[in-house]
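In: my questions are about this predicted structure, shown below with the sequence.
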Amino acid sequence: MPDYIYLLENRLSADQQNALRHLRDAARETGMLVFLTGDAVRDLTSGHAVRDLEVAVQGNALKLKKLAEKAGAKTWGEDDLSHSLYLCFPGTVRVDVVSTHRREYPKPGKPVFHWESIQEDLRRRDFTVNAMAISLNEGSFGLLMDPLNGAADIESRSLRLVSNYGFLEDPALLIRATRYIARLGWELDPRTQQRYENAKAENVIEYLPAKDRSQELEQIGHEDDGLKVLQALEAEGWMKVLFPAWTQAKADEERLKVLHDRRVELQVNGVQPDMSAAQMQLLTAKLGPKDLAALKKLMLRPGFVEEWNSLDALAAGFAKVLMNKANATPSMSYKLFTTYDPEAVLWLGFTTKDKAIRERYELFLKTWPEARQRIPHALMQEMRITPELPTYKDIVHQVFLQLIDGGLNTPEEARAFLEPHSPPAPPPQVTIKRTRAKRSAEAKVKERSFDEEESEEGLEEEDLDDIGGGEEEDLDLGLGIPKGDELEGELGEEEEEGEEEAEEEEEEAVAQGKRGSKAAKAAKGSGTAKPEKAAAPADKKHGKAPAKAAPAAKGKTEVKAPVASKPGGKHETKPEKAKAAPHPPAKKAAHPVKPAPKSAKAVVKHAAKAHPKPHAKPAHNHAHAKAKPAAHAKPAKSHAPAKASKPAAKKPAHKAGKKR
């Protein structure tokens, strides 16, 4: 379903919207409800051009006459019987103001009026496509009322009678049906078509009222293609009833085509003339004077006849103004073409034989429009003159008038002309600084992540401590030599592979452990301890995890740390390789010291869950170290044999115990 508020605001011309606005105000002032009905609603819904407006009010429409005339409308006619008012607003906007009612037909063609609500008024209409209304009242503006589902018939492009007896009670519907078929190209639905044939066969058209005859005669001139409608009515035999002397042969068909072409050219250039009077002049061009006078007397609206008779006078007045010296410049002539009475502009352009006037029309229709291509849209965009500005259209029109007058030939001239219309540049973008609360929140997140790193490293150290002896000691990590109790878990793995290999390494480990302790003391005294990195993965063959430590002297030495004594007086060691490097100047540690390598995976996983982790002091990072640095620590004290942890208890008993 279309949005009727949008259609009212965009499909109607400015003059039509102005007319409806005045009628809304007048109805509100008199306390009457007002609705847009009839052909206008049908054409808005179907997408056809809206030519005539019909407004229905719940009350006496004749009371709006004075208020409408104050708003600039002319009264073209009125009907006291049906309380109808025929108005013409500026811009040649024809509006029929009717009172909502229903009709009874005691005899064909003789209605009796009963004043009713808008709902009853819609149910007495001719066809369902015309039985629709749009509210123009406050609070319900744009609301569609369609009690007979006329929108569906518009969709199917069919004409369906509101009442089964429509053709019999109101013979004018026979003529109206023929006119709608010729204008819209729609068809009668099957039942309506059958009723049409029956009413035509019964010669119901003889009961056509005089008012309806006058209305249908005038409506031929208001059609977009009056000649086509005239031909259709003549083919159906209805012109014999309306006005027998008026036939297709009485029309000037060639000049009608020229008139239509001239109207299209004016519409393209912004002039919107109503060609009803001019078309009626050509449709009756070959009628005799007596027949023409009789036809004019039958017209429904006397105001329309006056406009028809005054066409030549209107054209002469426009010619006089157009050729005035004050309007000699192109810009003044252009303004005159677009602001003068459009019907006078149309009729003068169609009938004039003056060469100067023809040249002026040629400039307006062909030459001046080419200047629109030279409007500097890029420069206007650069100067922030965009369609979003309320005055954009006026600025473009002023530029166009300057161009047709021969101005704005250079970019400098165009810039100087546009400068007063250029809006100021927008202020620079404001950078919003982060608040202190946001910075502190980010800092907290960084500290939390840093603490988590340290806690993970400390967890590994303490877990290995528990494996060795379960005692908490302050460690000096000056030398990255693993403690004996940390290697005790690894010893179990070595013993499973063979006790003989452990006994052969025992003596050598004790000797090199002493040398390692001396190197640790030397490194601690010089303050060149390097941070320990993660241990290398365990040897695939023996399950060992050797750690690399930075030596205190040049060269590479293999250092083996002492381990805790085992029952039986034997010691097991694990060799560690350390690379010596020169001692750089003492600095603050950049990275936290990482723990000694883990040897028993199952033990470490279990210990990580059970113990919190201490924070290790960060050690200095050597900038030129080739190998991965390891933390230096003092030789660990030997501990008494500790009770095996739960993960260790799951392993089979050591062979060393069996030997003892």
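Out: Thanks, I have the structure now.
In: give me the number of neighbouring residues for I118.
Out: The burial metric for I118, expressed as a neighbour count using other C-beta atoms under 10 Å, is 19. Placement of C-beta: from N, CA and C, glycine included.
In: correction: the previous question concerned G59.
Out: So G59, with other C-beta under 10 Å, has 17 neighbours.
In: now swap in K355 and tell me
Out: There are 8 residues near K355, going by other C-beta under 10 Å.
In: same question, the one 10 residues further on
Out: Using other C-beta under 10 Å, L365 has 17 neighbouring residues.
In: tell me the spacing between the nearest residue to it once chain neighbours are set aside and N324.
Out: Nearest non-adjacent residue to L365, counting by C-beta to C-beta, 6 or more residues apart in numbering: E265, 5.2 Å away. From E265 over to N324 the distance is 23 Å, taken as C-beta to C-beta, to the nearest Å.
In: follow-up on the earlier one: secondary structure class of the residue nearest to L365, three-state.
Out: E265 carries the three-state label helix when classified by DSSP: H, G, I helix; E, B strand; the rest coil.
In: distance of it relative to H222?
Out: When C-beta to C-beta is the yardstick, E265 and H222 sit 21 Å from each other.
In: which of these two has more neighbours?
Out: With neighbours defined as other C-beta under 10 Å, E265 and H222 compare such that H222 has more, 19 against 15.
In: per-residue pLDDT, that one?
Out: The predicted local distance difference test score for H222 is 95.
In: and A523, by the same measure?
Out: pLDDT recorded at A523 is 46.
In: same question for E462.
Out: So E462 comes in at 46 (pLDDT).
In: cool, and V430?
Out: Looking at V430, its pLDDT reads 79.
In: count of neighbours near it?
Out: By the criterion of other C-beta under 10 Å, V430 has 6 neighbours.
In: just checking, it is part of a strand?
Out: No - remark: V430 does not belong to a strand; assigned using three-state DSSP, it is coil.
In: for it, give me phi and psi.
Out: In terms of degrees, to the nearest 10, the main-chain angles of V430 are phi -80, psi 130.
In: so it versus G38, what's the distance?
Out: Applying C-beta to C-beta to V430 and G38 gives a distance of 57 Å.
In: could you do D121 as well?
Out: Note on D121: its distance to G38, by C-beta to C-beta, is 11 Å.
In: figure out the helix or strand that L314 lives in.
Out: helix 311-322 (DSSP states H and E).
In: can you show me the CA trace of that helix as CSV?
Out: What follows is helix 311-322, C-alpha atoms only, in CSV (Å, rounded to 0.1, in the frame of the first residue of the first chain):
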residue,chain,number,x,y,z
LEU,A,311,-7.7,32.9,-24.8
ASP,A,312,-6.9,35.4,-27.5
ALA,A,313,-7.0,38.4,-25.1
LEU,A,314,-4.6,36.6,-22.7
ALA,A,315,-2.2,35.8,-25.5
ALA,A,316,-2.2,39.4,-26.7
GLY,A,317,-1.4,40.7,-23.2
PHE,A,318,1.5,38.3,-22.9
ALA,A,319,2.9,39.4,-26.3
LYS,A,320,2.9,43.0,-25.3
VAL,A,321,4.7,42.3,-22.0
LEU,A,322,7.2,40.0,-23.6
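In: residue contacts, the nearest residue to L33 once chain neighbours are set aside?
Out: Nearest non-adjacent residue to L33, counting by C-beta to C-beta, 6+ apart: Q58, 4.5 Å away. Shown here is Q58, whose contacts under the criterion C-beta atoms under 8 Å, 6 or more residues apart in numbering are M32, L33, S99, T100, S117, I118.
In: between the residues you listed, which is nearest L287?
Out: S99 (35.6 Å; C-beta to C-beta).
In: OK, contacts around that closest one?
Out: Contact partners of S99, counting by C-beta under 8 Å, 6+ apart, are A56, V57, Q58, G59, N60, A61, S82, H83, S84, W115.
In: who wins for neighbours among the residues you listed?
Out: The most crowded member of the contacts of S99, judged by other C-beta under 10 Å, is A61 (27 neighbours).
In: my guess is it meets V97, correct?
Out: Yes - judged on C-beta atoms under 8 Å, A61 makes contact with V97 at a distance of 4.4 Å.
In: show me the contacts for W186.
Out: By C-beta under 8 Å, 6+ apart, W186 lies in contact with R157, S158, L159, Y180.
In: please, a ChimeraX command that selects the buried ones among those?
Out: If you want just the buried ones from the contacts of W186 in ChimeraX, going by 16 or more other C-beta atoms under 10 Å, the selection is:
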select :158,159,180
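In: so which of the contacts of W186 sit within strands?
Out: S158, L159 (DSSP state E).
In: Serialize the contacts of W186 to TSV and add fields for distance to R360 and pLDDT.
Out: TSV is the format used below for the contacts of W186 (distance: C-beta to C-beta, whole Å; pLDDT from 0 to 100):
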residue	distance to R360	pLDDT
R157	44	95
S158	48	96
L159	46	96
Y180	40	96
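In: and which of the contacts of W186 is nearest A378?
Out: Comparing those against A378 with C-beta to C-beta picks out R157 as the nearest, at 46.1 Å.
In: picking up where we left off before, which other residues reach the helix holding L314?
Out: Residues lying outside helix 311-322 but in contact with it, judged by C-beta under 8 Å, 6+ apart, are 277-278, 281, 327, 333, 336-337, 340-341, 343-345, 347-348, 351-352, 354, 357, 360.
In: again, only this time at 7 Å
Out: Under the contact criterion C-beta atoms under 7 Å, 6 or more residues apart in numbering, helix 311-322 has outside partners 277-278, 281, 327, 333, 336, 340-341, 343-345, 347-348, 351-352, 357, 360.
In: before we move on, what SS does Y105 have?
Out: Using three-state DSSP, the secondary structure recorded for Y105 is strand.
In: pretty sure it sits against P171.
Out: No - counting by C-beta atoms under 7 Å, Y105 does not reach P171; the two are 10.4 Å apart.
In: where do the strands of the stretch 101-250 of the chain begin and end?
Out: 101-107, 110-115, 133-135, 144-145, 158-159, 187-188 (DSSP state E, counting those that start in this stretch).
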